[in-house]
Every structure is written in C-alpha cells, then in structure tokens.
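Asks: this is a predicted model, with the sequence first.
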Amino acid sequence: MKKLLLFITILPLISISQNTLQISESRTIYMEKVISDTNYTKEELYDISLGWVSEVFNSPDDVISFSDMRTGKIKGSFISYHPISLSSVAFSTTFTIQVKDKRLKIKFDNITNVVYGASLETYILKKNNTYRSIYSSLTSDVQSSLNNLILDFEKYIKDYSSAADDW
C-alpha cells in the first residue's frame, strides 16, 4: 500500500514534460520545443504567438525586435535575473518563434550577462562541454525559467480556442 501511495505521489512529477538546456556543436546553449498537431493555420498560430508575447512580457513592443507574418517568424529578447553566489545577475535571452500550418517552434538562445557581455556558456561549461558544478544553481534556474515559459506557451496555445469563445 505504501508503494502504491508513493507511486501515485510521484507519477505527476514524472509525467510533467521537462525541457532541458542543449549544447550545440558550436558550444552555444539553447532550449527549444516543437509543438505539433495544433489544428491552427500558420496565420492563426502567428496571431496566437503574438498574443502570448503580449501577455507574458510587460512591454511587448520593447521585446519584439522582428516579426513577419509572411515568413512566420517572431524574434525578440528579454531580461531575466538569476542567482549567482549571493547576488542576482541579469541575463538577456533571445527567443525565436517560427510558425507553419499546424505546428510551431519556440527557441531560446544567446543567453548573455547584461553587464559583462559574457555568455551563459562561459559561466556553466567546461572546455569539454560538461557543466561546472559551482554554477549548478544557475544552470537549474535558467533551465527552470525557460522550461516554465515553454509550458506557459503550450498552455496558451491549448487554451486559446476556449478563451476566444469566452467573451
């Protein structure tokens, strides 16, 4: 009985989709997610994506640096704060949303310290592309923040059709 209760308690944690930071061949850190089978057209997904950016970021006009419905691309950047040792450091992160009929991709990359211009890679990666343990909290905090944005984006898309009917 105890094992069953433990399994029931842990099951929701296992089934939550966790996106992880990736390391490209050129040693850049990024996180991306492809969302398929949305049943929306390219145009609808583009508008939905713009709506999400407007709701998530305080000043969407300051965040979006490029948007083009024809190519289905929205690009921008935002600043987030992450703990390093006893302080908090501001990082600028670039995001790109690409839409096509029934699917889209969101990608976060170019994560850079706002003050020093140092990339996240210089903080958390050793030369052999393994993570530095001293910055494990920074790594997990960045990963968690970006993962939460992706989950929020997926939820926004999923809930969009019902929200559009609630007026």
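Replies: Okay, I see it.

Asks: pairing partners for the helix or strand encompassing I79, with directions?
Replies: Per DSSP states H and E, I79 falls inside strand 73-84. Strand pairing for strand 73-84, using DSSP bridges, gives strand 64-68 (antiparallel), strand 87-100 (antiparallel).

Asks: quickly compare those and say which is most buried.
Replies: strand 87-100 (a mean of 18; mean count of other CB atoms under 10 Å). (C-beta placed from N, C-alpha, C; glycine too.)

Asks: dump the residue contacts of K73.
Replies: F66, S67, T96, I97, Q98, V99 (CB atoms under 8 Å, 6 or more residues apart in numbering).

Asks: between these, which sits nearest Y116?
Replies: Checking the contacts of K73 against Y116 with CB to CB, the nearest one is T96 at 24.0 Å.

Asks: mind checking how far that closest one is from S49?
Replies: 11 Å (CB to CB, to the nearest Å).

Asks: that older thread, any chance of the strands paired with strand 73-84 in a markdown table, with distance to N58 and mean pLDDT too?
Replies: Below are those laid out as a markdown table (distance: least, CB to CB, whole Å; pLDDT from 0 to 100):
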| stretch | distance to N58 | mean pLDDT |
| --- | --- | --- |
| strand 64-68 | 13 | 95 |
| strand 87-100 | 15 | 94 |
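
Asks: can you report how many residues neighbour G117?
Replies: For G117, the count of nearby residues is 9 (other CB atoms under 10 Å).

Asks: quick one, phi psi at it?
Replies: Main-chain torsions, G117, degrees, to the nearest 10: phi 80, psi 10.

Asks: any idea how far it is from I97?
Replies: Distance, G117 to I97, by CB to CB: 25 Å.

Asks: what of N113?
Replies: N113 sits at a distance of 24 Å from I97 (criterion: CB to CB).

Asks: helices along the chain, start to end?
Replies: Secondary structure of the chain (DSSP state H): helices at 2-15, 42-56, 60-63, 120-124, 136-165.

Asks: which one of those helices lies closest to I23?
Replies: Taking the helices of the chain one by one with CB to CB, helix 120-124 is closest: 8.0 Å.

Asks: helices or strands up against that closest one?
Replies: Packing contacts for helix 120-124, counted by 3 or more CB pairs under 8 Å, 6 or more residues apart in numbering; DSSP states H and E, involve strand 29-35, strand 103-113, helix 136-165.
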